[in-house]
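just to be clear, the model below is a prediction. Sequence and coordinates:
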Amino acid sequence: MELTGIGVGSQAVVGDVFLLETSDAVFEHRKTTHSPDEEASILSTAIATTAATIREESSGGDATTQEILDALLIILEDPELQEMARPHLDEGMDAPTGLFIALDEFAALMGDDEDFQSRVSDLRGIAARISAWTRGIAAGPEIPREGTWIIVAEDLTPLETSQFGESVVGVITELGGPTSHTAIICRALGIPAVVSVKGAMELSQGASVLVDPEGNRVVPGGDLGAATTAISFIPQADSPLITVRANIGSVADAEKASSTSARGVGLFRTEVLYLSANTMPSVDDQAALYTEVLRSAPAGKIIIRTIDAGSDKPVPFFSLEDEENPALGMRGFRLATDYPDFQKSQLQAIQKAIAATGRDVGVMAPMVSTVEEVREFKALCSEAGISQVGIMIETPAIIPVMPDLGGVLDFVSIGTNDLSQYLFAADRMHPKLGSLNNPWQPGLLRSVSAIATEAGKLGIPVGVCGESAANPLISIVFAGLGIDSVSVAPSAVEEVSSALAAVTMDQAQAAADAAIAASTPGEAEAGVRALFA
Amino acid sequence: MSSFVHTVTVLDPIGLHARPVGQIVTLVRETGATVTLRSASGSEAAATSALKMLALKVKTGETLEIVVESAGSSEPEALAGEIESLINQG
């Protein structure tokens, strides 16, 4: 019975399952017969010894893992943490229990700090090592240095990935998404992985398993012959089927994009320019920056998105209050209501830069969900003298009212990352919701299809500037659905352009039909892949 | 005791977080200088305590003062500059 997930890498591998689980005895709260002073000294020795061991084990490994690991160790070594543990030792708890409680207390103190909360499980992982050392029990099974092992775990901490030796040939995790720590490290180490695999922990210890990242699946007992082969696209035409543009956020990005075959810019994220501004910059200062970016950008049309800030992407000169749900709060174009002067100044600056450079520029607003907002944005653009006006399609609410936007808009652009998050009511960063944010979800693809149809009726071009378009197969599906252009990170431009130059419109439409007909993401991807394998 | 104060704006998209904080602790320990970080709200943290610096909860776009005590440091400006580059390395 094969299991499905999200593949990392393209090479398939076969190996034996090695289940990485931590024993409950490590985490349980225990009382001690020692005095609090004795436990305090046990704790400081245990922390120092374990930290030294971990530093030794990880030395010579990859630099990113070492830096993260070192930061975690420095937190655990902070005498402050031992002081937080002390009251619990005074109550008769043993050293590891005091440490676990102190960590929980500190995590509570850090509240909704996303970076710290994402590190808590790593810190607990190291604390588990400290506990295992103190209590004289095994924290978890040691990965043998011999053999060919597929590590199977709920999720992996940097401590665990840092211990991978030659014998680790693949990874399967139950949690995590395409951008989780496990995925990033496996990509960096070149270890094939499938993450977000439901039922992974039920695989049998020692059993042979095929890790097939290209097929987004895990096959117990499968051999390499059953692996999905990566599709290599050989360009047949001189140019891609639809326009491929680049996503940028700065002058440096614009320069990088110019060295690719991108035909212009499909998404210029302007908020990056304002992150260090304590006061609202003048129109002239902004115009100078925009002029520099427009001059450096690759030839072709440039789509500028107005500022997309929010309480999770704060800009100093907006005083943004903390919100329960930043993704559903005051963000994007909604902030223009609170800061009309800024929105006007940004549009004036953009118009000045257009005049100074003579570039072909469209301007679009993020997070628009009503016809009134579209009209309001259009009025602001007209006032500033901007002639090509569009919006991002990110909220589900704007899709059914698209027929009412005729004559108002010149183009639309679909932000598939946010559109997925809002369609599925699934936080993009949530470790357990990776499968809902899978770009092959029929709910997303059929929505993109509906948007393309409506844009066609309005007679305006529709682009996709979300990360999903960086997947060559999905970019072909988008072309078949009637999308006019895709915009991807400069590093993905060549791969996507090659794929789009390797197929005909008939093939792209067949791919789109196959994707739209599917009821599950797995079927959608398999159906499209079968057409090009 | 005189001190050198350098104000920086945190540009890192996730604020003052675990990785730079760890590097600051290592750097400050190596130099043996007395360094304090002061947040815009006036809270202070010794630059040798990772927990205290994280607990300042400094977010993107907020300012932070790096206070280097001159007595323990031969080149306070250079040290403050190095700390700034660790905070905003992205």
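That came through fine. Numbers count the residues shown, from 1 in each chain, chains lettered A, B, ... in the order given.

tell me which element the residue nearest to A:Gly222 when sequence neighbours are not counted falls in.
Closest residue to A:Gly222 in three dimensions, ignoring its sequence neighbours and counting by Cβ to Cβ, 6 or more residues apart in numbering or on different chains: A:Leu210, at 3.2 Å. C-beta: built from backbone N, CA, C; applies to glycine. Per DSSP states H and E, A:Leu210 falls inside strand A:208-212.

contacts for that strand?
Applying Cβ atoms under 8 Å, 6 or more residues apart in numbering or on different chains, the contact partners of strand A:208-212 are A:7, A:12-17, A:150, A:170-172, A:192-194, A:203, A:218-224, A:226-228.

do the same with stretch A:60-73
Contacts made with stretch A:60-73 from outside it, assessed by Cβ under 8 Å, 6+ apart, are listed as A:51, A:54-55, A:58-59, A:119, A:122-123, A:126, A:158-159, A:161-162, A:184-185, A:188-189, B:18-19, B:21-23, B:26, B:50.

which parts of it are buried?
Within stretch A:60-73, the residues that qualify as buried by neighbour count (16 or more other Cβ atoms under 10 Å in any protein chain shown) are A:61, A:65-73.

same check on stretch A:436-448?
Within stretch A:436-448, the residues that count as buried by 16+ other Cβ under 10 Å are A:436-442, A:444-445, A:447-448.

now, the residues you listed that are in helices?
A:442, A:444-445, A:447-448 (DSSP state H).

re the thing from before, gap between the helix or strand just after the strand holding A:Leu210 and the chain center?
Read in the C-terminal direction, the helix or strand following strand A:208-212 is strand A:217-220, with elements assigned using DSSP H and E. Taking the mean of its C-alpha atoms, strand A:217-220 sits 24 Å from the chain's own mean (Cα atoms, centre = their mean, to the nearest Å).

report all helices and strands that strand A:217-220 contacts.
Strand A:217-220 makes packing contacts with strand A:3-4, strand A:208-212 when contacts are defined by 3 or more Cβ pairs under 8 Å, 6 or more residues apart in numbering or on different chains; DSSP states H and E.

what about the helix or strand encompassing A:Asp70, average pLDDT?
Element membership for A:Asp70, per DSSP H and E: helix A:63-77. For helix A:63-77, mean pLDDT is 85.

buried ones in the helix or strand following it?
Proceeding C-terminally, helix A:63-77 gives way to helix A:79-90 as the next helix or strand, assigned by DSSP H and E. Applying a neighbour-count criterion of 16+ other Cβ under 10 Å, one finds A:80-82, A:84-86, A:88-89 buried in helix A:79-90.

could you chop chain A up by domain?
Per automatic domain parsing, the structural domains of chain A span A:3-21+A:141-226, A:25-135, A:243-532.

tell me which of those lies nearest to B:Glu62.
Minimum separation from B:Glu62 across the domains of chain A (Cβ to Cβ) falls at domain A:243-532, 7.5 Å.

so which of the domains of chain A comes closest to B:Leu54?
B:Leu54 sits nearest to domain A:25-135 of all the domains of chain A, at 6.2 Å, using Cβ to Cβ.

what about the residue in chain B positioned nearest to chain A, which helix or strand?
Using Cβ to the nearest Cβ, B:Gly22 is the residue of chain B that sits closest to chain A, at 3.1 Å. Here B:Gly22 sits within helix B:18-31, counting by DSSP H and E.

what angle sits between that helix and helix A:63-77?
Calculated by axes from the mean of the first three to the mean of the last three Cα atoms, to 10 degrees, helix B:18-31 forms an angle of 70 degrees with helix A:63-77.

what's the mean pLDDT across helix B:18-31?
Averaging pLDDT along helix B:18-31 yields 91.

can you tell me what sits against it?
A:67-68, A:70-75, A:78, A:115-116, A:119, B:12, B:35, B:47-50, B:53-54, B:73, B:79, B:82-83, B:86-87, B:89.

got the buried residues for that helix?
Residues B:18-25, B:27-28, B:31 are the ones in helix B:18-31 that count as buried (16+ other Cβ under 10 Å).

before we move on, what about stretch A:360-372?
In terms of neighbour count (16+ other Cβ under 10 Å), stretch A:360-372 has its buried residues at A:361-369.

now render those residues as JSON lines, adding pLDDT, secondary structure and distance to chain B.
Conversion of the buried residues of stretch A:360-372 to JSON lines gives the following (pLDDT from 0 to 100; DSSP: H, G, I helix; E, B strand; the rest coil; distance: Cβ to the nearest Cβ, whole Å):
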{"residue": "A:Val361", "pLDDT": "97", "secondary structure": "strand", "distance to chain B": "26"}
{"residue": "A:Gly362", "pLDDT": "98", "secondary structure": "strand", "distance to chain B": "26"}
{"residue": "A:Val363", "pLDDT": "98", "secondary structure": "strand", "distance to chain B": "24"}
{"residue": "A:Met364", "pLDDT": "98", "secondary structure": "strand", "distance to chain B": "22"}
{"residue": "A:Ala365", "pLDDT": "97", "secondary structure": "strand", "distance to chain B": "22"}
{"residue": "A:Pro366", "pLDDT": "96", "secondary structure": "coil", "distance to chain B": "17"}
{"residue": "A:Met367", "pLDDT": "96", "secondary structure": "coil", "distance to chain B": "18"}
{"residue": "A:Val368", "pLDDT": "97", "secondary structure": "coil", "distance to chain B": "24"}
{"residue": "A:Ser369", "pLDDT": "97", "secondary structure": "coil", "distance to chain B": "25"}
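
determine which two of those residues are furthest apart.
Across the buried residues of stretch A:360-372, no pair lies farther apart than A:Val361 and A:Ser369, at 24.5 Å, counting by Cβ to Cβ.

helix or strand: which one has residue 38?
You didn't pick a chain, so chain A it is. helix A:36-58.

try again with chain B
Counting by DSSP H and E, the element that carries B:Arg38 is strand B:35-39.

name the helices or strands packed onto that strand?
Where contact means 3+ Cβ pairs under 8 Å, 6+ apart, strand B:35-39 is packed against strand B:44-46, strand B:63-69.

okay, those strands in TSV with mean neighbour count next?
Listed next are those as TSV, based on neighbours: other Cβ atoms under 10 Å in any protein chain shown:
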stretch	mean neighbour count
strand B:44-46	17
strand B:63-69	19
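
out of those, which gets nearest to A:Ala95?
Closest of these to A:Ala95 is strand B:44-46, at 24.5 Å (criterion: Cβ to Cβ).

and after the closest one, which helix or strand comes next?
Once strand B:44-46 ends, the next helix or strand along the chain (criterion: DSSP H and E) is helix B:50-55.

now what about that next one, what contacts it?
Where contact means Cβ under 8 Å, 6+ apart, the residues beyond helix B:50-55 that reach it are A:71, A:74-75, A:78, A:80-81, A:106, A:109-110, A:113, A:116, B:16-18, B:21-22, B:24-25, B:37, B:45-47.

avg pLDDT for that helix?
Rounded mean pLDDT across helix B:50-55 is 92.

show me what from chain B comes close to chain A.
Taking Cβ under 8 Å from any Cβ of the partner chain as the criterion, the neighbours of chain A within chain B are B:9, B:11, B:13-15, B:17-19, B:21-23, B:25-26, B:49-52, B:54-55, B:57, B:59-63.

one more time with 10 Å
Contact residues, chain B versus chain A (Cβ under 10 Å from any Cβ of the partner chain): B:8-26, B:29, B:45-46, B:48-55, B:57, B:59-63, B:88.

on that earlier part again, the helix holding A:Asp70 vs helix A:79-90, what angle?
Following the same axes, to 10 degrees, one obtains 50 degrees for the angle between helix A:63-77 and helix A:79-90.

related to what we said a few turns ago, ok, which of the domains of chain A comes nearest A:Ser232?
Ranked by Cβ to Cβ, the member of the domains of chain A that lies closest to A:Ser232 is domain A:243-532, at 9.0 Å.

distance between the ends of that closest one?
End-to-end distance of domain A:243-532: 21 Å, with Cα to Cα, to the nearest Å as the criterion.

now find how far off-centre that domain is within its chain.
What separates the centre of domain A:243-532 from the centre of its chain is 16 Å, taken as Cα atoms, centre = their mean.
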